[in-house]
Every structure is written in C-alpha cells, then in structure tokens.
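Enquirer: Task: produce atomic coordinates for the following.
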Amino acid sequence: MKLGLQLGYWGTGPVADHGQLVAAAEAAGFDGVFTAEAWGSDAYTPLAWWGSQTQRVRLGTSVLQLSARTPTACAMAALTLDHLSGGRHVVGLGVSGPQVVEGWYGQPFPKPLARTREYVDIMRKVWARQAPVTNDGPHYPLPLTGAGTTGLGKPLKPITHPRRADIPIFLGAEGPKNIALTAEIADGWLPIFYTPRLADMYNEWLDEGFARPGARRSRADFEICATAQIVITDDRAASMSAIKPFIALYMGGMGSEDTNFHAEVYRRMGYADVVDEVTSLFRSNRKDEAAAIIPDAVVDDAAIVGDVDYVRGKIREWEAAGVTTMLVTAKSVAEISELADIVLAV
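Expert: Numbering: from 1, shown residues only. Okay, the predicted model is just below:
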C-alpha cells in the first residue's frame, strides 16, 4: 500500500502550512502529493509551487476539471510540469457536474463520457508528438472550422518536446459507465467515496473496461488511488461527528437537487433514504441537522476511524480490495508521521 497526500483545494484563502506538510510527506515515504480544484484556487499552481520543493514524490491532480482547459492547454500544462519535476507528474481528470461546468466555465455538460474519451485522446496525441494534432470529434474539433471562424487554423505539433510521451492519466469516475471507461482508456482510477464492501461491484465495472479492444491496462498494472479519510483516535464518536458535515455537503449540497453524482454514489452503497433526507435538510439550510442524521455506518463505509489496531486492520481490507494508494489528508507534520508509521508498515 502506498500513501498520497491530498492537499485538496483552498477555501477562503491559501493554506499556510502546506509547504511543511509536503516536505514531511516526502520525508516520511509518501508516494505522491495531489491537489484539486473547484471554483476557487486552481490545481496546477500550488502543485508546481510546492512540488518545486520536492525531489522524489509524484505530483498529481485529483482532480483537474475537464471543462476548465481545452485538451491542448491541459496537455501543455502537464508536459511543462512533467519537465520541471523530472518526470513525476500524474494527470488526474474529472468531468465535474453541470452546475459547475455550465455555471462557472460556461461550457456545455452533456456527453461527459464522449468528451472524456476525446479529451484524453488529444492529450496523448500532443505528448506523442508524432504528427500535427488533429481531431475529427464533435466536442474538441482541431482545427476549428465553420461558422464564426476565420478558416485559417492549422494543425500544430507542440514546440516543446515532452519529457515523456506517455504521462499517466487517472480519471475521477463515480458511475458504472465512467468507471468502465476509466479502465479502458486511463492508467488509474481516483474514486472519492470508495468502500471495500462494494469491491466486487467496482471490479465488475473495471473488468468491463479492461476487456474492451485496445484497453491500455490490465488489472495487474492499473492503479486505484482512493481518497481515504483516516482518523487515528480512541474517541470514534467525536471523530465521526466531525466528518459528517463534509459528507452532508457532498451528499446533499453538491450539484442540483436531482443531479448530484456524489449522492448517487451513496445511493449505490444502499443509503437512498439517507440521501433523500440529508438533501432535503441541507437544501432547507438546516445543515447541522443534515449532518446529525447521517448514521455512523455511512462514515464507516468510506472512512477509517479508530485506534491503531483498528486502522491497520481496515487498511488490509482496502488493500485486499485492490486499492494501491490511499490519498489522505493531514493537519500536521505529526499526523503525517503517524499515518506513515501505520499505513506503510502494514
């Protein structure tokens, strides 16, 4: 089992101690450092900033939002960071949701799977640098022609030669079709609410992708980097209560009331009634009540909360289910050292 430090995205402002946490993670043997973005801070700038102070850890995004950049712009950013880091970059991509894509980026959301396939294909053409990049697909046509254009666009190859022609791409996927697509075209999967209890279900979806003609990977060399909230404590009740507002936000407040991909993940876990009640309370601005009604079992499904022996046993379960890396958050250097001592020793 490997560990990745998830720095996430900023709230109201920068996080002052991220430099210390990154240094501690590298010193403790973490495999990677990951950043994210929503509709505030971007993922690439802090990753490059803090990554410049490291020598060994992989530098990943979990996740970049597909609609924030054209595929060629994303490929440019990736090849640049890959050069600067000595070949340590991992591109993590996700489609986000219609509220963000259309409300923040001003881009159409429909056909997310087709857009993802096209996006990834263009990025790989850029890095391969075998020919000027063209794309006949409907979502990202290159060169762009037709009404409203000059007709002067021409296919181009990147001026800069990529350090690697095959930078790893991981996808943040939640639904069965998206997970199957991930196994087919990507190098790894970034599940946000993973539970070993449903490993057989995930594996069925992944195996569908692995079996498709031209699939890039097999289960033997495919990575599953699962976000894992790990809290080492003797007071499970208090720690679980602290996690529930976060779950309530994602379960009841992300996306629209009838289009929330995170909520669908919890429905597939078997918590449809909880999702409905949390959503109703959260959207009535009764957020504390929404968090309070979440059963402990919901937290237990996708987080690890308990004493050292309990945590070690759960990590074995996650590893046995196929997880190769656990992406964890930490609030202090001491917490990073403690996580390394426990997880990396299992």
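
Enquirer: longest helix of the chain?
Expert: helix 112-128 (DSSP state H).

Enquirer: Can you tell me what sits against that one?
Expert: Outside helix 112-128, the residues within contact range by C-beta atoms under 8 Å, 6 or more residues apart in numbering are 66, 71-72, 74-76, 78-79, 91, 93, 95, 131, 133, 135, 137-140, 142, 158, 162, 164-167, 169, 171, 177-178, 181, 185-186. The way it works is simple: take the backbone N, C-alpha and C, and place the C-beta from them, glycine included.

Enquirer: Tell me who's in contact with the residue nearest to residue 255 when sequence neighbours are not counted.
Expert: Using C-beta to C-beta, 6 or more residues apart in numbering and skipping the chain neighbours, the partner closest in space to residue 255 is residue 97 (4.5 Å). Shown in contact with residue 97 (C-beta under 8 Å, 6+ apart): 109, 254-255, 259-261.

Enquirer: Read off the pLDDT value for residue 97.
Expert: Predicted confidence (pLDDT) for residue 97: 89.

Enquirer: ok, now residue 293?
Expert: pLDDT, residue 293: 95.

Enquirer: Let me know how buried the spatially closest residue to it that is not a sequence neighbour is, in neighbour terms.
Expert: Distance criterion C-beta to C-beta, 6+ apart; nearest residue to residue 293, sequence neighbours excluded, is residue 277 at 5.9 Å. For residue 277, the neighbour count with other C-beta atoms under 10 Å is 17.

Enquirer: any idea whether residue 277 is helix, strand or coil?
Expert: helix (DSSP: H, G, I helix; E, B strand; the rest coil).

Enquirer: follow-up on the earlier one: the contacts of residue 97, buried ones only, as a PyMOL selection?
Expert: Restricted to buried positions by 16 or more other C-beta atoms under 10 Å, the PyMOL selection for the contacts of residue 97 reads:
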select buried, resi 109+254+255+260+261
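
Enquirer: what pLDDT, on average, does the next helix or strand after the longest helix of the chain get?
Expert: Using DSSP states H and E, the helix or strand that follows helix 112-128 in sequence is strand 169-171. Taken as a whole, strand 169-171 has a mean pLDDT of 98.

Enquirer: cool, and stretch 194-201?
Expert: Here the average pLDDT along stretch 194-201 is 95.

Enquirer: Low-confidence ranges, the stretch 151-300 of the chain, go.
Expert: 256-257 (pLDDT under 70).

Enquirer: 50 instead, please
Expert: Of all residues in the stretch 151-300 of the chain, none has pLDDT under 50.

Enquirer: Give the buried residues for the longest helix of the chain.
Expert: 112, 115-120, 122-127.

Enquirer: and what of stretch 275-286?
Expert: Buried, per 16+ other C-beta under 10 Å, within stretch 275-286: 275, 277-279, 281-282.

Enquirer: From the chain's centroid, how far away is it?
Expert: On the basis of C-alpha atoms, centre = their mean, to the nearest Å, stretch 275-286 sits 25 Å off its chain's mean C-alpha point.
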